[in-house]
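Q: Give me a model of this one.
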Amino acid sequence: MADYRVDYDAPANIIRVKLDGFLSFAQVEEFCHKLIDMACSVRKRGSNVLVLFDCTETAVQTPEAVEKMKDTGLRIRQPGDKHATLVTSNLVKMQANRNFSSDHEKAFLSLHAAETWLKTDTI
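A: The predicted model follows:
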């Protein structure tokens, strides 16, 4: 069954997103609204928005869903924010990094590497 989770890890100051399976467009819209709300909440605390997307168990999404998620990422991102994406293979990592629009987005194979990059001040 397709599902998603959006949680705020306060000690690490990271919004953790877990995507599982093939999401309906309605689920994608709901997910995007939750992510925007959580990003606004983090920003009100005076923090940069750091997001870790765990896509290790997600299916390929429709072009409309991908566009909606990409649009949401662009809407919430401000200078100093970072988005890391956890993927399952070097091929997916290469494709993701090639499609990212800035140095503030990066794909990783390792959870530890993704978290370390998010927490560093340099990009």
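Q: who touches whichever helix in the chain runs longest?
A: Scanning the chain for the helix with the most residues, using DSSP state H, yields helix 25-44. Contact partners of helix 25-44, identified using CB atoms under 8 Å, 6 or more residues apart in numbering, comprise 2-4, 6, 8, 13, 15, 17, 19, 23, 49, 51, 61-62, 64-65, 68-69, 71-72, 75-76, 78. Placement of C-beta: from N, CA and C, glycine included.
Q: Provide a PyMOL selection command restricted to the buried entries of these.
A: Buried subset of those, written as a PyMOL selection, criterion 16 or more other CB atoms under 10 Å:
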select buried, resi 4+6+15+17+19+23+49+51+61+65+68+69+72+76
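Q: Please flag which of the contacts of helix 25-44 sit within helices.
A: 64-65, 68-69, 71-72, 75-76.
Q: Now render these as TSV, adding distance to residue 94.
A: Converted to TSV, the ones in helices among the contacts of helix 25-44 look like this (distance: CB to CB, whole Å):
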residue	distance to residue 94
64	24
65	22
68	24
69	19
71	23
72	23
75	26
76	25
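Q: Can you tell me which of these is nearest residue 98?
A: Nearest to residue 98 out of the ones in helices among the contacts of helix 25-44 is residue 69 (CB to CB; 16.9 Å).
Q: The longest helix of the chain to helix 63-76, inter-axis angle?
A: Angle, helix 25-44 to helix 63-76, by axes from the mean of the first three to the mean of the last three CA atoms, to 10 degrees: 10 degrees.
Q: Tell me the confidence at residue 25?
A: The per-residue pLDDT reported for residue 25 equals 90.
Q: how many neighbours does it have?
A: The local packing of residue 25 (other CB atoms under 10 Å) involves 12 other residues.
Q: and the gap between it and residue 2?
A: Residue 25 sits 11 Å away from residue 2 when distances are taken as CB to CB, to the nearest Å.
Q: Mind listing residues that contact the helix or strand bottoming out on mean pLDDT in the chain?
A: For the chain, using mean pLDDT, DSSP states H and E, the weakest element among its helices and strands is helix 90-99, scoring a mean of 82. In this structure, residues lying in contact with helix 90-99 by CB under 8 Å, 6+ apart are 85, 87, 106-109.
Q: This completes my enquiry, with thanks.
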